[in-house]
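Q: predicted structure and sequence below. I'll ask about it afterward.
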Amino acid sequence: MKLILKVLLINLIAIQVNAQSNGNVKNIRKALQSIAAEYSPTAHIVFTKVGNYKYQKYIYHKTKSVVLNYYNVPVHESTHHYNDLIRKRKSPKEFIEKNTGAGYFIYPNIEIGMANFPVYNSIELNDVIPDSIQVKLDNYETYIGGNDIKNLSSQINGIFGLMDEFTAYSTGAKSQLELYNYYLANSKTGFENIEWWGSFINNLAGCISDYYEFKLFIHWYLAHSKNAHFEEYEKIMANKKLRLVFTLADQNYNQVIKAYYEKVAFICEATQKYANSLRFDYYENQTYKSLMTYKGLSISSVSYVFEEEMEFSRKLYELLDQSILNDFRIEGATKENYRNYLE
Ligand SMILES: [Zn+2]
């Protein structure tokens, strides 16, 4: 239900932005590529690496506004494809022969492949996580719950599948952030157009709200593994490459979130001087909620929806035993020195 709400609200914004973004695009794939080449190094790497993969199918309308609003989606889906290519190149030979192993892309341009092993199905978490919490998380039913085995990687491949999603969301979010310079270059009225800038913030906020949810899923998976599948937990903890993937993708995502709040603050400043422009209220908990009013049309709930979701999962995450993910992280590893931890 919440997912539908999210899409509807994005469409509302999409209609508003149409005027600014010059309507239709002839060729979605070319539009995605040319924006990537000029503005998004992350999307450019991913689109280039996946070759002929038809990522354009994830953009459903031939309008520039839809291409911009959903830009992270073809990047996300391409990251899954790219991860599989890394698996086929970088897993140990005997794993590639058996069509198993795991591979992950982490921006900037880090590829890590590894051996994997059978793990418990994430659907077991349904018995551990209260229903009242499951229903409040946008992605829970889609990726884990629903009591119906869907043959999804995030279920049957457990922690390895969840990590595939985590890296795909991280890469998608980074690409959406990188569109900032596109929005700047293509804004005909600087910071006066509220739908334009509201749309940028809202799309990025949507990507970030997924972050805390997948951290929760990974946390819960590991905690349950420690409680109920201890042998498996020890094998996961012995897999330094998998832990390195989480450590680096988490750092990447944290940089995106930091940049998000900086951009929100900056756009807030820049739009202040315009009447009826984008306004942001500052709350004591250090988060911004945006209020957009334009010629009597109130669309204030748009950003509010994502911020609410993000706050719920962030607070839930902060209440949990932090030692689970702290133990899982490789202490001291960074994108600069990660090679030292590969062996
Ligand atoms: Zn995915």
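A: Structure received. Residues are numbered from 1 along each chain as shown.
Q: how far does stretch 325-343 stretch from one end to the other?
A: The first and last residues of stretch 325-343 sit 21 Å apart, counting by CA to CA, to the nearest Å.
Q: so what touches that stretch?
A: Here stretch 325-343 makes contact (CB atoms under 8 Å, 6 or more residues apart in numbering) with 106, 108, 110, 112, 215, 218-219, 222, 236-237, 240-241, 243-244, 246-248, 250-252. Where C-beta positions appear, they are placed from N, C-alpha and C, glycine not excepted.
Q: in helices only, show me these.
A: Restricting those to those inside helices, with DSSP state H as the criterion, leaves 215, 218-219, 222, 236-237, 240-241, 243-244, 246-248, 250-252.
Q: of those, which is the most crowded?
A: When neighbours are taken as other CB atoms under 10 Å, the top entry among the ones in helices among the contacts of stretch 325-343 is Leu248 (25 neighbours).
Q: and the helices in the stretch 201-343 of the chain?
A: Assignment of helices within the stretch 201-343 of the chain using DSSP state H, counting those that start in this stretch yields the ranges 230-238, 240-271, 301-319, 323-328.
Q: and the residue nearest in space to the middle of the chain, which of the three is it?
A: Per CA atoms, centre = their mean, the C-alpha nearest to the average position across the chain is that of Tyr169, at 2.6 Å. Here Tyr169 is helix, with the state taken from DSSP: H, G, I helix; E, B strand; the rest coil.
Q: what's it in contact with, if anything?
A: For Tyr169, the contacting residues are His76, Cys207, Asp210, Tyr211, Phe214, Tyr253, by CB under 8 Å, 6+ apart.
Q: how many other residues sit next to the closest residue to the second one other than its chain neighbours?
A: Going back to what we said before, that points to Cys207. Counting by CB to CB, 6 or more residues apart in numbering, Cys207 lies nearest to Ala173, which is 3.7 Å off, once chain neighbours are set aside. Ala173 is flanked by 30 other residues according to other CB under 10 Å.
Q: who's in contact with Ala173?
A: Here Ala173 is in contact with Asn72, Leu204, Cys207, Ile208, Asp210, Tyr211, Tyr253, Val256 (criterion: CB under 8 Å, 6+ apart).
Q: give me the angle between the helix or strand that contains it and helix 230-238.
A: For Ala173, the enclosing helix or strand under DSSP states H and E is helix 158-178. For the pair helix 158-178 and helix 230-238, the angle between their directions (axes from the mean of the first three to the mean of the last three CA atoms, to 10 degrees) equals 40 degrees.
Q: give me the mean pLDDT for the next helix or strand after helix 158-178.
A: Using DSSP H and E, the helix or strand that follows helix 158-178 towards the C-terminus is helix 180-185. The average pLDDT for helix 180-185 rounds to 96.
Q: alpha carbons only: can I get helix 180-185 in PDB?
A: In PDB, the C-alpha atoms belonging to helix 180-185 read as follows (Å, rounded to 0.1, in the frame of the first residue of the first chain):
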ATOM      1  CA  TYR A 180      22.100  17.400  -8.800                       C
ATOM      2  CA  ASN A 181      24.300  19.000 -11.400                       C
ATOM      3  CA  TYR A 182      21.800  18.000 -14.100                       C
ATOM      4  CA  TYR A 183      19.000  19.800 -12.100                       C
ATOM      5  CA  LEU A 184      21.200  22.800 -11.700                       C
ATOM      6  CA  ALA A 185      22.200  23.000 -15.400                       C
END
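Q: who are the packing partners of it?
A: In terms of contacts (3 or more CB pairs under 8 Å, 6 or more residues apart in numbering; DSSP states H and E), helix 180-185 is packed against helix 28-39, helix 194-228.
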